[in-house]
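**Student:** Sequence and predicted structure are below.
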Amino acid sequence: MGRKSTKANKNIYQILREDLGWSREEAEYHLGYISADRIAKIESGKVQVQPDEVKKMSEVYGQPALCNHFCTNECEIGKKYVPEVKLDTSLSQIVLEILSSLNSLQKSKERLIEISVDGVIADSEVPDFIAIQKELDNISVTVNALKLWAEKKLSEGKINRELYDKLYETIK
């Protein structure tokens, strides 16, 4: 088992590796192609972590939310277009947030039709249009939270991966 660093401001990559109790050498073994030296540079911020490295770390460390973290905090495109998903809520909380968002959107459906029917968004319609967009953004974030929650449970073995993957592909 590796020693824990006493460094005060660790980045997410170091925190997750240390949470597993792995040294950089142990992480190198599990990650396969990312060297301990490269891991040290990523953790110290001396090099920019690459998307394929983040994907591999998220899989090996059992932390699917790491990809979302990378996209929303380190990728220039993701910073603009990918909403950050916090995975610190329970399944029931995620479901309640989805249902609340869907109920709210149901009330806005008619207004969205009114706004979009002529293919033009008039100045007077912009505030309502933005409010509806924000509702849709909220739905997107909660759906992604549900997906990440499921991926986390799959990686922990709390959901049958073989069955999940089989059914996910067949259910439309």
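**Tutor:** Done, it's in. Numbering: from 1, shown residues only.
**Student:** Helix or strand next in line after the lowest-mean-pLDDT helix or strand in the chain, which one?
**Tutor:** Confidence across the helices and strands of the chain bottoms out at helix 91-116, with a mean of 90, counting by mean pLDDT, DSSP states H and E. Toward the C-terminal end, the helix or strand that comes next after helix 91-116 (DSSP states H and E) is helix 126-155.
**Student:** what mean pLDDT does the next helix or strand after that next one have?
**Tutor:** Later in the chain than helix 126-155, the nearest helix or strand by DSSP H and E is helix 161-170. For helix 161-170, mean pLDDT is 92.
**Student:** Sketch out the low-pLDDT regions of the chain for me.
**Tutor:** Applying pLDDT under 70 to the chain flags residues 1-7.
**Student:** what's in contact with stretch 61-76?
**Tutor:** Stretch 61-76 is touched from outside by 12-13, 16-17, 20, 48-49, 51, 54-55, 57-58, 77-79, 82-85, 87, 144, 148, 151-152, 155-156, with contacts defined as Cβ atoms under 8 Å, 6 or more residues apart in numbering. (Glycine included, C-beta is placed from N, CA and C.)
**Student:** Just the buried residues from those residues, in ChimeraX please.
**Tutor:** Selection of buried members from these for ChimeraX, criterion 16 or more other Cβ atoms under 10 Å:
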select :12,13,16,17,49,54,57,58,78,82,85,87,144,148,151,152,155
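**Student:** Of the contacts of stretch 61-76, which belong to helices?
**Tutor:** Among those, the residues falling in helices (DSSP state H) are 12-13, 16-17, 51, 54-55, 57-58, 77-79, 144, 148, 151-152, 155.
**Student:** I'd like to know how far the spatially most central residue of the chain sits from Thr142.
**Tutor:** In the chain, the residue lying closest to the centroid (Cα atoms, centre = their mean) is Asn68, at 3.1 Å. Going from Asn68 to Thr142 by Cβ to Cβ, to the nearest Å gives 13 Å.
**Student:** coming back round to it: off-centre distance for the least confident helix or strand of the chain?
**Tutor:** Mean-position distance between helix 91-116 and its chain equals 21 Å (Cα atoms, centre = their mean, to the nearest Å).
**Student:** before we move on, what about stretch 52-67?
**Tutor:** With Cα atoms, centre = their mean, you get 10 Å for stretch 52-67.
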